[in-house]
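Undergrad: below are the sequence and a predicted model for it; my questions follow.
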Amino acid sequence: MSPFSFEKQIAQFSRLKARVLELKASNSKAAERRRKYLPAEEYFEKGLYMFNIGQNDIIGRFHHISYEEILTLIPNITSIFEDGLKELYDQGARNFWIHNMGPVGCIPMNIVAFGNDPSKLDDIGCLIKHNEAAKSFNRLLLLLCKKLKDKLRDAKVIHVDIFTIKYNVTVNHSQLGFEQGIKACCGIGGHQLNYNIDLECGRTKMFNGSLRTARECDDSSVFVNWDGSHYTDAANKYTSSQILTGKYFDPPKE
């Protein structure tokens, strides 16, 4: 689902760092003009390296293979992630902030595609197998983070439990000021979750014989989901506020 694999992103970072250091060391006029826009060399060590990992790896595979087969792939995904983190560490990175995988079974795009059978849904309408796959991934990711803390003694590795935060806002949306926990704000209507893969948010095209545009709702602040796959600003603000409490960190914020 993503045009840039994690390995490719690591390679792009390596190229960025090498090019920055090359320009800083150069005496050419071109380098001089660019130098003021470049990060300081120390930033590569002091910077915060943030990762939001796993969603596309899991979601995309549900379209092609079984749940059981997906579970067998998860160790390989986390292994690739581990290799990338170690490469960043070798290049000087020391501060790692790692989000686990959110409740992808509560995303309208997935529910519309896979939720026609009510037995596949939990009590709030989320896909059971999708969320179980996310939990399986998250268990291995947490173990990986603990392993990295032990091996990379001079690094800070913070694991953030995004799954729990986002699942809580979906389940308890009404208590938190939201009217809709799963339904998308922006869409064309028709489906109860306001999502149609043939006419996604913001797009205009001929649809059932007429020119239609998938538009936003009147008030996105009362929706958790924006467009069928992403969260609204209001839901992201809540998620951010919960992250910054530190209670969803491993290790917990003191």
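TA: Arrived safely, thanks for sending. Residues are numbered from 1 along each chain as shown.
Undergrad: so which residue is dead centre in the protein?
TA: residue 52 (4.3 Å; Cα atoms, centre = their mean).
Undergrad: that one and residue 183, how far apart?
TA: As defined by Cβ to Cβ, to the nearest Å, residue 52 lies at a distance of 23 Å from residue 183. Where you see a C-beta, it was placed from the backbone N, CA and C, and this is true even at glycine.
Undergrad: tell me the phi and psi of the residue nearest to the centre of the chain?
TA: Main-chain torsions, residue 52, degrees, to the nearest 10: phi -120, psi 100.
Undergrad: ok, it - contacts?
TA: Applying Cβ atoms under 8 Å, 6 or more residues apart in numbering, we find residue 52 in contact with 99, 162.
Undergrad: can you rerun that using 6 Å?
TA: Counting by Cβ atoms under 6 Å, 6 or more residues apart in numbering, residue 52 touches residue 99.
Undergrad: skipping its backbone neighbours, what lies nearest residue 224 in space?
TA: Excluding the flanking residues, the one nearest residue 224 by Cβ to Cβ, 6 or more residues apart in numbering is residue 235, at 4.5 Å.
Undergrad: element containing that neighbour?
TA: Assigned by DSSP states H and E, residue 235 belongs to helix 233-243.
Undergrad: elements contacting that helix?
TA: helix 162-171 (3 or more Cβ pairs under 6 Å, 6 or more residues apart in numbering; DSSP states H and E).
Undergrad: cutoff 8 Å now
TA: helix 162-171, strand 223-225 (3 or more Cβ pairs under 8 Å, 6 or more residues apart in numbering; DSSP states H and E).
Undergrad: taking helix 162-171 as reference, get the angle to that helix.
TA: 130 degrees (axes from the mean of the first three to the mean of the last three Cα atoms, to 10 degrees).
Undergrad: ok, the residue nearest to residue 224 - how many residues close by?
TA: Residue 235: 25 surrounding residues under other Cβ atoms under 10 Å.
Undergrad: hang on, residue 51 in a strand?
TA: Yes. Secondary structure assignment (DSSP: H, G, I helix; E, B strand; the rest coil) places residue 51 inside a strand.
Undergrad: hang on, it packs against residue 101?
TA: No. If you go by Cβ atoms under 8 Å, residue 51 and residue 101 don't touch, sitting 11.0 Å apart.
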